[in-house]
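>>> give me the fold of what follows.
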Amino acid sequence: QVQLVESGGGLVQAGGSLRLSCAASGRTFSSYAMGWFRQAPGKERELVAAITWNGGRTYYADSVKGRFTISRNNAKNTVYLQMNSLNAEDTAVYYCNAGRDGDGSQWYRPMDNWGKGTLVTVSS
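The predicted structure follows:
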């Protein structure tokens, strides 16, 4: 089990940027693939980006490709989500997840390791 704490959310104008961080406790962080999910009001939680344990493979939802970048620092037990060119549709609570990697284009396999989320609000 790993404990996850997100930070970095806030209010930003459309076109702006934010950097989310997810700090993990425990010595096993580097064994997990990591994912960022988001849930907007009235919508289902969706996977936004994911990264394998060593950063060798990444996944991005079509809606964020070219604007968001996921990265990780295993020495700091932290995964990041750099979000640029934000728009109102990016408004959501963003959650960090520790999971596993599998096969195929939809390779990220979430596990029951969730943070409490951080709210991102983009004003238009």
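
>>> residues of the helix or strand of the chain with the lowest mean pLDDT that come out buried?
Using mean pLDDT, DSSP states H and E, the weakest-scoring helix or strand in the chain turns out to be strand 108-114, at a mean of 93. Residues of strand 108-114 classed as buried: Y108, P110, N113, W114 (neighbour count, 16 or more other Cβ atoms under 10 Å). Every C-beta, even on glycine, is put in place using the N, C-alpha and C of the backbone.

>>> in the chain, which residue is most central in space?
Centroid-nearest residue in the chain: W36, 2.1 Å away (criterion: Cα atoms, centre = their mean).

>>> ok, now which ones touch that one?
When contacts are counted by Cβ atoms under 8 Å, 6 or more residues apart in numbering, W36 touches 20, 22, 47-50, 70, 79, 81, 94-97.

>>> before we move on, the earlier item: mind listing what the least confident helix or strand of the chain pairs with, with the direction of each?
strand 92-101 (antiparallel) (DSSP bridges).

>>> quick one: mean pLDDT for the partner strand?
Here strand 92-101 scores 97 as its mean pLDDT.

>>> which other residues reach the least confident helix or strand of the chain?
Strand 108-114 is contacted from outside by 1-2, 4, 32-33, 35, 37, 47, 50, 59, 95-102, using Cβ under 8 Å, 6+ apart.

>>> again, 6 Å this time
V2, G35, A50, Y59, Y95, N97, A98, G99, R100, G102 (Cβ atoms under 6 Å, 6 or more residues apart in numbering).

>>> got the CA positions of it in CSV?
C-alpha atoms of strand 108-114 as CSV (Å, rounded to 0.1, in the frame of the first residue of the first chain):
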residue,chain,number,x,y,z
TYR,A,108,-2.3,1.7,-17.4
ARG,A,109,-4.0,-0.5,-14.7
PRO,A,110,-5.2,1.5,-11.7
MET,A,111,-5.0,0.0,-8.3
ASP,A,112,-6.8,1.0,-5.1
ASN,A,113,-4.2,3.6,-4.2
TRP,A,114,-5.7,7.0,-4.5
